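Enquirer: Quick one, structure for this:
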Amino acid sequence: METKIPPPRSKLLMWVILKNKIPTGDNLLKRAHHGPFWCHLCKCNNESAIHLFIDCKVAPNLWLSISIALPSPTRWQGALVSEAWSSWWTKAIPKKLRNLPLLVCWGLWIARNNLIFQKSLPHWPSISSRIISDYSLIPEDEDIPRSRTITPESIDHSKPWAYFDGFAQEEGCEGGAILNLFVSHSLHIQMGLGGGTNNFAELFSAKFLIQYALQTQCRDLQLFGDSKIVCDWINKKTRCSAFSLFHILDEAHRLITTFDSFTCQYIYRERNADADSLSKEVAHRPPDT
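Expert: Here you go, the predicted model:
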């Protein structure tokens with residue numbers, strides 16, 4: 001059977017990295033896993049996606065050994081993996097070179113997992129040779145679709161920011177929201193909303209979040225949601241035609257006027273995964289016994 005290069009799982013890995021859902025030490029800590037949470041490859045820092053794939057001392061060494069054999073037009077670097085990925089994408093010529101970060105990150109991830117779960121020490125020359133060999137098998141015109149998640153929303157971290165989402169199904173609808181008061185502190189909100197449409201769930205979640213932010217003494221708020229129609233309603237770009245939603249939208253507009261500053265921005269669903277997950281957790285939670 002023919003082996004696909006780059007491996008499909010390497011594309012999935014990059015997608016998970018860009019969504020910040022990869023089970024590195026920092027994310028495992030958030031999920032209440034037991035440590036250790038340091039980087040197993042260098043044992044010098046706590047493990048995160050940024051550290052593992054960019055800052056860890058083994059990553060630039062691996063890139064250096066590869067670039068000697070495959071001269072590249074740009075360096076793999078950035079404050080975030082998404083920044084490194086975006087920069088590489090725009091400068092990579094030929095197009096097949098866009099696949100190289102997939103192979104390198106995949107090699108680092110496999111080496112990390114083998115060290116943790118199999119106690120197998122990485123042999124970096126072999127890993128480098130494998131990446132170079134796999135890259136040589138990619139056709140010259142090979143391309144990959146660009147992820148929509150590589151451009152994060154613009155956030156002023158000196159002011160609170162929040163995400164909202166809603167979820168509707170036959171059994172009812174639910175809402176989820178996350179309010180970040182500052183970088184290291186966030187509040188997660190889940191709500192059951194009874195019956196209603198998806199637009200109702202999205203709009204009510206946004207209104208509730210705005211109201212809750214005011215109750216926590218927020219005077220500024222940056223709001224993000226993946227429902228363009230609701231964001232446009234809030235921003236008064238389009239007019240809501242659903243009579244049953246008028247009172248919710250009017251209340252949201254009234255509350256917004258009490259902020260010193262307020263913005264509402266539409267984002268892709270990939271950038272709203274946490275609020276989306278919160279809303280669906282309510283739907284899938286078993287009833288109390």
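Enquirer: all strands of the stretch 151-289 of the chain, in order?
Expert: Along the stretch 151-289 of the chain, the stretches classed as strands by DSSP state E, counting those that start in this stretch are 161-169, 172-182, 185-192, 220-225, 261-266.
Enquirer: so which of these is the most packed in?
Expert: Across these, averaging neighbours per residue (mean count of other C-beta atoms under 10 Å) puts strand 161-169 on top, at a mean of 25. Every C-beta, even on glycine, is put in place using the N, C-alpha and C of the backbone.
Enquirer: tell me the phi and psi of K19?
Expert: phi -90, psi 0 (degrees, to the nearest 10).
Enquirer: H188 and I93, how far apart?
Expert: Using C-beta to C-beta, to the nearest Å, H188 is found at 43 Å from I93.
Enquirer: hang on, isn't Q211 packed against T258?
Expert: No. Using C-beta atoms under 8 Å, Q211 is not in contact with T258; the gap is 10.1 Å.
Enquirer: if you skip the residues just before and after it, what's nearest to P139?
Expert: K96 (6.8 Å; C-beta to C-beta, 6 or more residues apart in numbering).
Enquirer: now C173
Expert: With C-beta to C-beta, 6+ apart, the residue lying closest to C173 is A201, at 3.9 Å.
Enquirer: Could I get the pLDDT score of the one you found?
Expert: A201 is assigned 91 on the pLDDT scale.
Enquirer: hang on, isn't it packed against E174?
Expert: Yes. Judged on C-beta under 8 Å, A201 makes contact with E174 at a distance of 6.6 Å.
Enquirer: now the strands of the stretch 151-289 of the chain as CSV including mean pLDDT and distance to V104?
Expert: Output for the strands of the stretch 151-289 of the chain, formatted as CSV (pLDDT from 0 to 100; distance: least, C-beta to C-beta, whole Å):
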stretch, mean pLDDT, distance to V104
strand 161-169, 90, 31
strand 172-182, 90, 32
strand 185-192, 89, 32
strand 220-225, 96, 31
strand 261-266, 96, 33
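Enquirer: for the ones you listed, which one sits closest to S205?
Expert: S205 lies closest to strand 172-182 among these, at 3.3 Å (C-beta to C-beta).
Enquirer: how many degrees apart are the closest one and strand 161-169 in direction?
Expert: Between the axes of strand 172-182 and strand 161-169, defined by axes from the mean of the first three to the mean of the last three C-alpha atoms, to 10 degrees, the angle is 170 degrees.
Enquirer: helices and strands around strand 172-182, which ones?
Expert: strand 161-169, strand 185-192, helix 198-215, helix 273-284 (3 or more C-beta pairs under 8 Å, 6 or more residues apart in numbering; DSSP states H and E).
Enquirer: Checking P122 next. Helix, strand or coil?
Expert: Recorded secondary structure, P122: coil (DSSP: H, G, I helix; E, B strand; the rest coil).
Enquirer: wait, doesn't it sit right on L115?
Expert: Yes. The criterion here is C-beta under 8 Å, and P122 meets it with L115 at 6.3 Å.
Enquirer: If you count surrounding residues, which of the two has more?
Expert: Taking other C-beta atoms under 10 Å, P122 and L115 do not tie; P122 has more neighbours (18 against 14).
Enquirer: who's in contact with the more buried one?
Expert: With contacts defined as C-beta atoms under 8 Å, 6 or more residues apart in numbering, P122 is in contact with 41, 58, 111, 114-115.
Enquirer: could I get these as a markdown table with pLDDT?
Expert: Converted to a markdown table, these look like this (pLDDT from 0 to 100):
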| residue | pLDDT |
| --- | --- |
| L41 | 95 |
| V58 | 95 |
| A111 | 95 |
| N114 | 94 |
| L115 | 94 |
